[in-house]
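>>> Sequence first, then the predicted structure:
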Amino acid sequence: MTPVLSARGLQRTFGAVVAAADINVDVAQGERLCLIGSNGAGKTTFVNMVTGYLKPTEGSILLAGEDVTRRSPREITRRGVARSFQIPQLCLHMTVLENMLTALHCTQAHAHFLRPARDAASLARCDQLLAAFGVAEHAQRLARELPGGVRKLLDIAMALTGQPRLLLLDEPTSGVSADEKFAVMDTVVRAIEGRQDEAPVTVVFVEHDMDIVRRYASRVAAFSSGRIIADGAPAHVLADADVQRYVTGSLPASLAEAA
Ligand SMILES: Nc1ncnc2c1ncn2[C@@H]1O[C@H](COP(=O)(O)OP(=O)(O)OP(=O)(O)O)[C@@H](O)[C@H]1O
C-alpha cells in the first residue's frame, strides 16, 4: 500500500546549520509515529517541511504518492494534512466555537478568514468535534480564559476540522501539567480513533516526554543533528545505545563510551 507520507533524501540548511541532513521515512496509514530528539535535532524542521512551511534544500516529500515538495501550506492542507503547533495558535479574543468555525472555514475553498460560515453543517461539525474532545462545555468561553490543557485540546480539535488524512502534532503535551498530560493524550487518541465513517488518521507527533512516547507511539523515529539515527518499535528505539546517548540521556557516560 502506498505510504501516506514519504520523505526522500530531505535536506535543509540554515546557513552553516544543518537542520535536516538526509531524512528518509515512509509512514503507513494508521501509524502513530513519534519523533524524538534533543533540542535542535531537527524535529520541527521536518514537520515544517512536510506541511509546506519550509522548503527543503534537497529531497522530496510525497503524500499518498504525489510529490508536494514545492506546494504551499494551503495546497498541502487541501491534500489532507493538518498540524498543531508547540504553542496553540488560537485567536484569544474569540470564543472556542468561533475559533473552530474559523479553522473549519480556512480548510474550505474560497475561504474568507474574517467571515467564517455559521451554516448548520459547519456548526454541527464543530459541535461534534468539541464533544469528541470533551470541551463542548467551553464553546462560548473566550479562548484567552481557557486553562493550558483545554487550549491544547482546542488547537488539535481545530486541526481536525478539515478531516485530514495526516495529522502532525508538535509537542501535544508541552505546557500541559504532569497531572493533565495523560488525560489530554487519552482524549486526543480517543477523538482521533473514535471517528466513525471517516478514514483513519495517521499521526506524526513530536514529544520529549518518554512516558508519553512509550504509552502512545506505535513507532518512534529518533533525530540527532538532522538525521534519523533509529526508527522502529518504541521499545527497540528507546533501548538503542545511540538513542540513549544522544536523545534520552539515559545511558551513563561510562556505558555510552563502551557501547
Ligand atoms: N528559521 C530558522 N532559521 C535559522 N535556524 C533555524 C531555523 N529553524 C530551525 N533552525 C535551526 O535548525 C536546527 C533544528 O531546529 P528544530 O527547531 O528543527 O529542532 P527541534 O528538534 O524541533 O528542537 P526543539 O525540540 O527545541 O523544538 C536548530 O539548530 C535550529 O536552531
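Received the coordinates, thanks.
>>> what about the residue of the stretch 51-200 of the chain found nearest the ligand, helix or strand, and which?
Closest residue of the stretch 51-200 of the chain to the ligand, CB to the nearest ligand atom: Gln86 (6.7 Å). Any C-beta I mention is one placed from the backbone N, CA and C, and that applies to glycine too. Counting by DSSP states H and E, there is no helix or strand that carries Gln86.
>>> Check Ser174 too.
Using DSSP H and E, Ser174 maps to neither a helix nor a strand.
>>> and it, what is it in contact with?
For Ser174, the contact set (CB atoms under 8 Å, 6 or more residues apart in numbering) comprises Gln86, His208.
>>> now do Ala136
Contacts of Ala136 (CB under 8 Å, 6+ apart): Asp127, Leu130.
>>> Chain neighbours aside, what residue packs nearest to the residue in the stretch 101-250 of the chain positioned nearest to the ligand?
Here the residue of the stretch 101-250 of the chain nearest the ligand is Phe223; by CB to the nearest ligand atom that distance is 6.0 Å. Nearest non-adjacent residue to Phe223, counting by CB to CB, 6 or more residues apart in numbering: Gly37, 3.3 Å away.
>>> so the one you found sits right up against Arg227, yeah?
No - taking contacts as CB atoms under 8 Å, Gly37 lies outside contact range of Arg227: 9.5 Å.
>>> quick one: buried residues of stretch 86-97?
Pro88, Leu90, Met94, Thr95, Val96, Leu97 (16 or more other CB atoms under 10 Å).
>>> do the same with stretch 229-248
For stretch 229-248, by 16+ other CB under 10 Å, it's 229-231, 234, 237-238, 240, 243-248.
>>> Kindly reformat those as JSON lines containing secondary structure and pLDDT.
Shown next, in JSON lines, are the buried residues of stretch 229-248 (DSSP: H, G, I helix; E, B strand; the rest coil; pLDDT from 0 to 100):
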{"residue": "Ile229", "secondary structure": "strand", "pLDDT": "96"}
{"residue": "Ala230", "secondary structure": "strand", "pLDDT": "97"}
{"residue": "Asp231", "secondary structure": "strand", "pLDDT": "97"}
{"residue": "Pro234", "secondary structure": "helix", "pLDDT": "96"}
{"residue": "Val237", "secondary structure": "helix", "pLDDT": "97"}
{"residue": "Leu238", "secondary structure": "helix", "pLDDT": "96"}
{"residue": "Asp240", "secondary structure": "coil", "pLDDT": "95"}
{"residue": "Val243", "secondary structure": "helix", "pLDDT": "95"}
{"residue": "Gln244", "secondary structure": "helix", "pLDDT": "94"}
{"residue": "Arg245", "secondary structure": "helix", "pLDDT": "92"}
{"residue": "Tyr246", "secondary structure": "helix", "pLDDT": "88"}
{"residue": "Val247", "secondary structure": "helix", "pLDDT": "89"}
{"residue": "Thr248", "secondary structure": "helix", "pLDDT": "86"}
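>>> Closest one to Cys126 out of those, please.
Minimum distance to Cys126 across the buried residues of stretch 229-248 is 33.8 Å, recorded for Pro234 (CB to CB).
>>> residues contacting that closest one?
Pro234 is in contact with Cys34, Val213, Arg214, Ala217, Ser218, Arg219, Val220, counting by CB under 8 Å, 6+ apart.
>>> All the helices of the stretch 101-250 of the chain, in order from the start?
Secondary structure of the stretch 101-250 of the chain (DSSP state H, counting those that start in this stretch): helices located at 120-132, 148-159, 181-193, 210-216, 234-238, 241-243.
>>> mind giving me CSV with those helices and columns for distance to the ligand?
Listed next are the helices of the stretch 101-250 of the chain as CSV, based on distance: least, CB to the nearest ligand atom, whole Å:
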stretch, distance to the ligand
helix 120-132, 27
helix 148-159, 16
helix 181-193, 17
helix 210-216, 13
helix 234-238, 16
helix 241-243, 14
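>>> Name the stretch among those that sits most buried.
helix 148-159 (a mean of 24; mean count of other CB atoms under 10 Å).
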